[in-house]
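In: here's my sequence, what's the structure:
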Amino acid sequence: MNAGITSIRLPPKDSAMIEHFVKEGEFKSKSEFVRYAVKKTICDMMLKEFHEKLGERGVPSEKEGRKILADIKEIRRELWGEYAEGLP
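Out: Below you'll find the predicted structure:
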């Protein structure tokens, strides 16, 4: 899979905090931090959407529930795998 390139502008304080985490060895690079943050946000938003759907129409069908949970598990697996690679 080819990764796309996206440029982002951050406030200086946010950029400094990311640099701090990189220097402390939490992440290998700023890019790794941003990838982690994006995947975590996607997972969080999917969970939120799942809960909202539950509230709107009750319990999803078994098939819908399995699909949503499988998607969340895959994102979490990718998220943890990339984060764990950078640990000492």
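
In: contacts, neighbours, all on C-alpha from now
Out: Fine.

In: so which elements touch the top helix by length along the chain?
Out: In the chain, with assignment by DSSP state H, the single longest helix is helix 30-57. Applying 3 or more C-alpha pairs under 8 Å, 6 or more residues apart in numbering; DSSP states H and E, one finds that helix 30-57 makes contact with helix 12-23, helix 62-85.

In: who's in contact with the first one?
Out: So that's helix 12-23. The contact list for helix 12-23 (C-alpha atoms under 8 Å, 6 or more residues apart in numbering) reads 27, 28, 29, 30, 33.

In: of the residues you listed, grab the buried ones for ChimeraX.
Out: Buried residues among the contacts of helix 12-23 (16 or more other C-alpha atoms under 10 Å), as a ChimeraX selection:
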select :27,28,30,33
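
In: would you reformat the contacts of helix 12-23 as JSON lines and include pLDDT and distance to residue 78?
Out: Shown next, in JSON lines, are the contacts of helix 12-23 (pLDDT from 0 to 100; distance: C-alpha to C-alpha, whole Å):
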{"residue": "27", "pLDDT": "93", "distance to residue 78": "15"}
{"residue": "28", "pLDDT": "93", "distance to residue 78": "16"}
{"residue": "29", "pLDDT": "94", "distance to residue 78": "17"}
{"residue": "30", "pLDDT": "94", "distance to residue 78": "18"}
{"residue": "33", "pLDDT": "94", "distance to residue 78": "14"}
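
In: so can I have JSON lines of the contacts of helix 12-23 showing distance to residue 54?
Out: Shown next, in JSON lines, are the contacts of helix 12-23 (distance: C-alpha to C-alpha, whole Å):
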{"residue": "27", "distance to residue 54": "35"}
{"residue": "28", "distance to residue 54": "38"}
{"residue": "29", "distance to residue 54": "38"}
{"residue": "30", "distance to residue 54": "36"}
{"residue": "33", "distance to residue 54": "32"}
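
In: for residue 18, the count of nearby residues, please.
Out: 19 (other C-alpha atoms under 10 Å).

In: which stretches of the protein have low pLDDT?
Out: 1-3, 55-60, 82-88 (pLDDT under 70).
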